[in-house]
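Novice: Let me see the structure of the following:
(2 chains)
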Amino acid sequence: MILRSVEALVDAIEPGQLVAIPPDYSGVSMAATRALLAAGRRGLRLVAVPTSGLQADLLVGAGCVDELEAAAVSLGEAGPAPRFTEAIKAGRIRMRDTTCPAVHAALQAAEKGIPFMPLRGLIGSDILAHRADWKLAANPFAQGEDPIVLLPAIAPDVALFHAPRADREGNVWIGRRRELATMAHAARRALVTVEEVVDGSLLEREEVAAGVLPAMYVGGVALAPRGAWPLGCQDLYDADDAELARYASAARGEAGFAAWVQAFLARPAQAA
Amino acid sequence: MSDGAAIRREAMLAAILRRLEGCRTIAVGASSPLPGTAALLARAKWGARVLMLGSRRHNSFTEGGRELFDFAAQGRLDAFFLSGGQIDGQANINLLGIGAYPGGLRQRFPGSFGSAYLYFLVPRVILFREEHEPRTMPARVDVVSAPGTSPPGVFRPGGPVALVTGRCVFGFDRARGRFALESVHAGETAAGLRAATGFDYDAADAAATTPGLAEEDRALVRERVAAEIAETYPRFAATLLAA
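Specialist: Model (predicted):
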């Protein structure tokens, strides 16, 4: 059965696994994040596609993360991500700095089942200087000199995100948030929380089917109304800016962070 | 917001708008409320197409996060904006942190976002940073997220054209890898600017004053653009209206 509880959904995420997560504006499963925090999961490796905010800050702050690959971690208008910043300064996580299109390109390599993808830019950046896994190569088709960076494919174990709706077969409607599809295609399986589960097939009508991630990429779906809160979900609800500001302020200290997490865990799932 | 801060912000907005003249397609990245406002003003004035990260209304990409980068690499994008925790005299930008990278950072910034790519590919990159102090404008950045110039042989159709700060506007000469002062904002002096800037730059004997917005542009901001930028930057929009 593809439909399960949020708790059962995150049970499938094991320590050491590489988990792809979307940026704050795209469909973050805060419901699954809460379940990971509640379960006290450790040893996660996160890859942000291509940036993260609240979700990475929470998981890093709670000690769930060993390694993080991201082009940036920030709470946007609410300010810097305080637990991430602290963890980097203290050397508590392995940080793999990258740039946005490098994450997209490396996931596309995994989508195509090829070992690497070339990417423009990067030459002369200290990011490249400290990424031993990236290679500088000569463009084999160029007449003259043309160095170009090669990025190894990123194939996550899990793509974890939140979407507006799914049907009972596990087809998930993501609309134009196509980075969610890229993540899911590149990953071994997608684990998805949704605002609603609908009857019938989302693939039936052409104008709906175009926005669907089909079930063959989906390993599990859990119903979680308002499951992106305090972040937003497409045109269904906006981010709760007041709550994000409260988090940004509280999480500057360990005690405030712990209190915020406790309140987040205590919040009834559907009332969120 | 104080009068001084409002005047400074308006000068920055006007300077960015002038640098966008002739641009038909303008993208706005993360944490870029002031450039976003200038881009929406360009849209209101001459119908520029604006592609703003984090916006639903002003973002027509339908292929996900990668589309902006593919679009830029094809040369379809005219202008983009970048900032930095530090920006140095060769227009190198640092979005990673202060101290030794990667192991010994005293201060950590959010990260490089798309800078290490878009800086190379977008023809007109406008650098912006409101806080203009020796600390933010050093002779040399601690860490290079993206270099201001590239050696011959490296594919680089794009790069910086200007740096707009809370004190002044610098133009950038790519061949020389050096900034030249174009204008200082009202209330700033040439000597004060030298003292506030950690890097060396070219300057004429008498510095021009950065013009503010034209009256019709101020009205457009008030009546139209402030509400449009509020969708993506509600906090910033509130201070924009207060000004």
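
Novice: hey, let's count contacts and neighbours off CA atoms from now on
Specialist: Fine.

Novice: Show the contacting residues for the residue of chain B positioned farthest from its centre.
Specialist: Going by CA atoms, centre = their mean, the residue of chain B most distant from its centre is B:G103, 28.8 Å out. Listed by CA atoms under 8 Å, 6 or more residues apart in numbering or on different chains, the contact partners of B:G103 are A:G91.

Novice: burial of B:A237, as a residue count?
Specialist: 21 (other CA atoms under 10 Å in any protein chain shown).

Novice: got the contact list for stretch A:181-192?
Specialist: A:9-10, A:20, A:29, A:49, A:104, A:107-111, A:154-163, A:174, A:213, A:217-222.

Novice: from the chain's centre, how far out does that stretch sit?
Specialist: Centroid separation for stretch A:181-192 versus its chain: 10 Å, with CA atoms, centre = their mean, to the nearest Å.

Novice: Stretch A:156-168 now?
Specialist: Worked out by CA atoms, centre = their mean, stretch A:156-168 lies 11 Å from the chain centre.

Novice: Can you pull the phi/psi pair for the residue lying closest to B:S55 once chain neighbours are set aside?
Specialist: Leaving aside its sequence neighbours, B:S55 sits nearest to B:T232 (CA to CA, 6 or more residues apart in numbering or on different chains; 5.5 Å). Taking degrees, to the nearest 10, you get phi -100, psi -40 for the backbone angles of B:T232.

Novice: what about B:T232, how many neighbours?
Specialist: 23.

Novice: Find the nearest non-adjacent residue to residue 76, please.
Specialist: Since you didn't name a chain, this refers to chain A. In this structure, A:G76 finds its nearest non-sequential neighbour in B:S31, 6.1 Å apart by CA to CA, 6+ apart.

Novice: could you do chain B instead?
Specialist: The shortest distance from B:R76 to any non-neighbouring residue, by CA to CA, 6+ apart, is to B:T25 (7.5 Å).

Novice: Just grab the bridge partners of that neighbour for me.
Specialist: Using DSSP bridges, the bridge partners assigned to B:T25 are B:R49.

Novice: my read: it touches B:D78, true?
Specialist: Yes: look at B:T25 against B:D78 with CA atoms under 8 Å: they come within range, at 5.4 Å.

Novice: State the helix or strand in which the residue nearest to A:G76 lies.
Specialist: Here B:S31 is covered by no helix or strand, with elements defined by DSSP states H and E.

Novice: same question for the lengthiest helix in chain B, mean pLDDT?
Specialist: The longest helix of chain B (DSSP state H) is helix B:3-19. Throughout helix B:3-19, pLDDT has a mean value of 92.

Novice: How about it, which residues are buried there?
Specialist: B:7-17, B:19 (16 or more other CA atoms under 10 Å in any protein chain shown).

Novice: now do stretch A:94-104
Specialist: Residues of stretch A:94-104 classed as buried: A:95-104 (neighbour count, 16+ other CA under 10 Å).

Novice: Let's have the residues you listed in a markdown table, adding distance to A:R131 and secondary structure.
Specialist: Output for these, formatted as a markdown table (distance: CA to CA, whole Å; DSSP: H, G, I helix; E, B strand; the rest coil):
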| residue | distance to A:R131 | secondary structure |
| --- | --- | --- |
| A:M95 | 11 | strand |
| A:R96 | 8 | strand |
| A:D97 | 8 | strand |
| A:T98 | 8 | coil |
| A:T99 | 12 | coil |
| A:C100 | 15 | helix |
| A:P101 | 15 | helix |
| A:A102 | 12 | helix |
| A:V103 | 13 | helix |
| A:H104 | 17 | helix |
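
Novice: for B:R135, helix, strand, or coil?
Specialist: coil (DSSP: H, G, I helix; E, B strand; the rest coil).

Novice: Next one: the closest residue in space to A:P22 that isn't next to it in sequence from A:A12, what distance?
Specialist: Closest residue in space to A:P22, ignoring its immediate chain neighbours: A:V49 at 5.0 Å, by CA to CA, 6+ apart. From A:V49 across to A:A12, the span is 21 Å (CA to CA, to the nearest Å).

Novice: Repeat that for A:G76.
Specialist: On the measure of CA to CA, A:G76 and A:A12 end up 31 Å apart.

Novice: Could you check which of these two is surrounded by more residues?
Specialist: Using other CA under 10 Å, the more surrounded residue of A:G76 and A:A12 is A:G76, with 19 against 13.

Novice: my guess is the more buried one contacts B:S32, does it?
Specialist: No: under the criterion of CA under 8 Å, A:G76 makes no contact with B:S32, lying 9.7 Å away.

Novice: about what we covered before: packing partners of the longest helix of chain B?
Specialist: Secondary-structure packing of helix B:3-19 (3 or more CA pairs under 8 Å, 6 or more residues apart in numbering or on different chains; DSSP states H and E): helix B:33-46, strand B:160-165.

Novice: is it true that B:L51 lies in a strand?
Specialist: Yes: applying three-state DSSP, one finds B:L51 inside a strand.

Novice: Contact partners for residue 60?
Specialist: In the absence of a named chain, chain A is used. A:83-84, A:87, A:93.

Novice: was after chain B, sorry
Specialist: The contact partners of B:S60, by CA under 8 Å, 6+ apart, come to B:L51.

Novice: Within the helices and strands, which one has it?
Specialist: Assessed by DSSP H and E, B:S60 sits outside every helix and strand.

Novice: ok, residue 211 - contacts?
Specialist: Reading this off chain A. A:173-176.

Novice: should've been chain B
Specialist: B:11, B:14-15, B:185.

Novice: What of B:R24?
Specialist: Taking CA under 8 Å, 6+ apart, one finds B:47-49, B:78 in contact with B:R24.

Novice: just so I have it, where are all the strands in the stretch 151-272 of chain A?
Specialist: Under the criterion DSSP state E, counting those that start in this stretch, the stretch 151-272 of chain A carries strands at the ranges A:158-167, A:172-173, A:189-198, A:212-213, A:218-223.

Novice: who touches stretch A:106-123?
Specialist: So stretch A:106-123 is contacted by A:102, A:105, A:128, A:148-155, A:182-183, A:185-187, B:73, B:116-121, B:146, B:150, B:154-156 (CA under 8 Å, 6+ apart).

Novice: how far does it sit from the chain's center?
Specialist: So, by CA atoms, centre = their mean, the centroid of stretch A:106-123 is 18 Å from its chain's centroid.

Novice: cool, stretch B:206-226 as well?
Specialist: The answer for stretch B:206-226 is 17 Å, by CA atoms, centre = their mean.

Novice: now stretch A:34-47
Specialist: 13 Å.

Novice: which residues touch that stretch?
Specialist: A:6-7, A:10, A:14-21, A:56, A:59, A:62-70, A:156, A:264-265.

Novice: what's the first-to-last distance across it?
Specialist: Span of stretch A:34-47 from end to end, CA to CA: 18 Å.

Novice: And stretch B:21-34, by the same measure?
Specialist: Rule used - CA to CA; the end-to-end distance of stretch B:21-34 is 16 Å.

Novice: can you pull the buried residues of that stretch?
Specialist: B:23-34.

Novice: what's the answer for stretch A:196-207, then?
Specialist: Those would be A:196-197, A:201-203, for stretch A:196-207 by 16+ other CA under 10 Å.

Novice: With mean pLDDT added, can I get the strands of the stretch 151-272 of chain A in CSV?
Specialist: As requested, the strands of the stretch 151-272 of chain A are exported to CSV (pLDDT from 0 to 100):
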stretch, mean pLDDT
strand A:158-167, 98
strand A:172-173, 98
strand A:189-198, 98
strand A:212-213, 98
strand A:218-223, 98
